[in-house]
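S.K.: Prediction below, plus the sequence it came from.
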Amino acid sequence: MCAHVLVAEDDVNQADLIRRYLEHEGHFVRVVHDGRAAVEEHHRERPDLVVLDVMMPVMSGLEACRTLRAESDVAVLMLTARSTEEDLLTGLDLGADDYVTKPYSPRELMARVRTLLRRSRRDPDEQDRVLRAGPVAVDPSRHAVRVDGAPVECTPAEFQLLAALAAQPGRVLTRAQLLEYIHGMSRFITERTIDVHVKNLRKKLEPNPRRPVRLVTVYGVGYKLVGTGDGSSQG
């Protein structure tokens, strides 16, 4: 799976290491060393994946992620030495799809890259079937979401989570089950990650995100996407 990957890392040695590993996997790689350059390069080249270090000069990786997400659904993988849960969730809240904490194994990083690229690209073997739950329609083969007929932009991780729920409307999925759909088994990802993605999805799916009636919480269990005829409406 050859892809165009943009790497933004201010540590020249680390950037070169990441570039070499990505090129070994067959990807075309561009490297920049600050967040503003990453945004500008994204405007020019429209890569398939952006790898963003959090701590960079001129514009931080978090600010670059916020800017990219405002204009694109490109897959974003954050690199961070800040390993506290709140710091990590901040990146996800801004729209990052995944993160890797430093120090990391280059093999782990490549595994995360492969997972993100698989999620963000159309799978030709998928059935051409639109998943529906009430006014929400999810088209896996086209990576498209509509709510009441209007298109909605989702990040790859948000799309994967929504597709899992839409495939089983009305059924409650636990946070652990949803983590399996979007990240697989990773010791770095916590179940609070799901809460962040759900919060962001509600901003896109709900008439009033503070009082959700489509993507609802089943307290003590998990989340479900309310289908036609499902009268549940817990927040």
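M.R.: Looks like it came in fine. Numbering: from 1, shown residues only.
S.K.: only C-alpha atoms for contact and neighbour calcs from this point on.
M.R.: OK.
S.K.: can you give me the strands in this structure?
M.R.: Under the criterion DSSP state E, strands of the chain are mapped to 4-8, 28-32, 49-53, 75-80, 98-101, 131-133, 136-139, 144-147, 150-152, 173-174, 215-218, 222-225.
S.K.: out of those strands, nearest to Thr193?
M.R.: Of all the strands of the chain, strand 98-101 sits nearest to Thr193, with 9.4 Å by C-alpha to C-alpha.
S.K.: gap between the closest one and the chain center?
M.R.: 11 Å (C-alpha atoms, centre = their mean, to the nearest Å).
S.K.: For it, which strands pair with it and how are they oriented?
M.R.: Neighbouring strands of strand 98-101 in its sheet, by DSSP bridges, are strand 75-80 (parallel).
S.K.: Quick one: residues in contact with the partner strand.
M.R.: With C-alpha atoms under 8 Å, 6 or more residues apart in numbering as the test, strand 75-80 has contacts from 48-55, 61, 65, 88, 91, 95-102, 113, 116-117, 120, 155-156.
S.K.: how does it look with 6 Å?
M.R.: Applying C-alpha atoms under 6 Å, 6 or more residues apart in numbering, the contact partners of strand 75-80 are 49-54, 96-102.
S.K.: Would you mind giving those residues as CSV with neighbour count, pLDDT and distance to Ala150 added?
M.R.: Listed next are the contacts of strand 75-80 as CSV, based on neighbours: other C-alpha atoms under 10 Å; pLDDT from 0 to 100; distance: C-alpha to C-alpha, whole Å:
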residue, neighbour count, pLDDT, distance to Ala150
Leu49, 22, 94, 26
Val50, 26, 96, 27
Val51, 27, 96, 30
Leu52, 29, 95, 31
Asp53, 29, 93, 34
Val54, 27, 91, 33
Ala96, 30, 88, 24
Asp97, 23, 87, 23
Asp98, 26, 86, 27
Tyr99, 23, 84, 30
Val100, 21, 87, 34
Thr101, 17, 86, 37
Lys102, 12, 85, 40
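S.K.: Would you mind putting the residues you listed into JSON lines with distance to Leu17 alongside?
M.R.: Formatted as JSON lines, the contacts of strand 75-80 follow (distance: C-alpha to C-alpha, whole Å):
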{"residue": "Leu49", "distance to Leu17": "17"}
{"residue": "Val50", "distance to Leu17": "16"}
{"residue": "Val51", "distance to Leu17": "13"}
{"residue": "Leu52", "distance to Leu17": "14"}
{"residue": "Asp53", "distance to Leu17": "14"}
{"residue": "Val54", "distance to Leu17": "17"}
{"residue": "Ala96", "distance to Leu17": "22"}
{"residue": "Asp97", "distance to Leu17": "22"}
{"residue": "Asp98", "distance to Leu17": "20"}
{"residue": "Tyr99", "distance to Leu17": "18"}
{"residue": "Val100", "distance to Leu17": "15"}
{"residue": "Thr101", "distance to Leu17": "16"}
{"residue": "Lys102", "distance to Leu17": "14"}
